[in-house]
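Chemist: can't give you the sequence, but here's the structure:
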């Protein structure tokens with residue numbers, strides 16, 4: 001596995017986590033809707049997308065290191 005370093009501001013980081021949380025909830029709701037319609041293939045696909053989003057979010061949260069940057 002390769003490592004990637006990105007530098008973003010705190011507000012951008014918070015926005016990114018918020019967007020991922022929203023997408024995770026959307027995929028969970030989509031899975032429930034497809035499951036209710038007995039469309040198991042689409043429910044399984046939505047569950048897979050949710051799992052990938054959760055992994056991405058967790059990797060961002062766990063791998064985050066605060067760096068102080070001098071603007072001068």
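Modeler: Here it is on my side, so go on. If you're wondering where the values come from, they're calculated on a predicted model, not measured in any experiment. Residues are numbered from 1 along each chain as shown.

Chemist: What's the local residue count around residue 46?
Modeler: 21 (other C-beta atoms under 10 Å). Backbone N, C-alpha and C define where each C-beta goes, glycine included.

Chemist: do you know how far it is from residue 25?
Modeler: Computed with C-beta to C-beta, to the nearest Å, the distance linking residue 46 and residue 25 is 12 Å.

Chemist: And residue 11, by the same measure?
Modeler: 21 Å.

Chemist: Can you pull out the low-pLDDT segments for this protein?
Modeler: Applying pLDDT under 70 to the chain flags residues 1, 67-72.

Chemist: ranges for the strands of it?
Modeler: Taking DSSP state E as the test, none of the chain falls into strands.

Chemist: can you point me to the longest helix in it?
Modeler: helix 10-36 (DSSP state H).

Chemist: what packs against that helix?
Modeler: Other helices and strands packing on helix 10-36, by 3 or more C-beta pairs under 8 Å, 6 or more residues apart in numbering; DSSP states H and E, are helix 40-62.

Chemist: between the helix it packs on and helix 10-36, how big is the angle?
Modeler: Here the directions of helix 40-62 and helix 10-36 differ by 160 degrees (axes from the mean of the first three to the mean of the last three C-alpha atoms, to 10 degrees).

Chemist: Need the residues that contact helix 40-62.
Modeler: With contacts defined as C-beta atoms under 8 Å, 6 or more residues apart in numbering, helix 40-62 is touched by 13, 16-17, 20-21, 23-24, 27-28, 30-31, 34-35.

Chemist: Turn those into JSON lines, columns for distance to residue 5 and neighbour count.
Modeler: Below are the contacts of helix 40-62 laid out as JSON lines (distance: C-beta to C-beta, whole Å; neighbours: other C-beta atoms under 10 Å):
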{"residue": "13", "distance to residue 5": "14", "neighbour count": "15"}
{"residue": "16", "distance to residue 5": "15", "neighbour count": "15"}
{"residue": "17", "distance to residue 5": "18", "neighbour count": "14"}
{"residue": "20", "distance to residue 5": "19", "neighbour count": "17"}
{"residue": "21", "distance to residue 5": "23", "neighbour count": "13"}
{"residue": "23", "distance to residue 5": "23", "neighbour count": "16"}
{"residue": "24", "distance to residue 5": "24", "neighbour count": "18"}
{"residue": "27", "distance to residue 5": "28", "neighbour count": "20"}
{"residue": "28", "distance to residue 5": "30", "neighbour count": "15"}
{"residue": "30", "distance to residue 5": "33", "neighbour count": "17"}
{"residue": "31", "distance to residue 5": "33", "neighbour count": "19"}
{"residue": "34", "distance to residue 5": "37", "neighbour count": "18"}
{"residue": "35", "distance to residue 5": "39", "neighbour count": "15"}
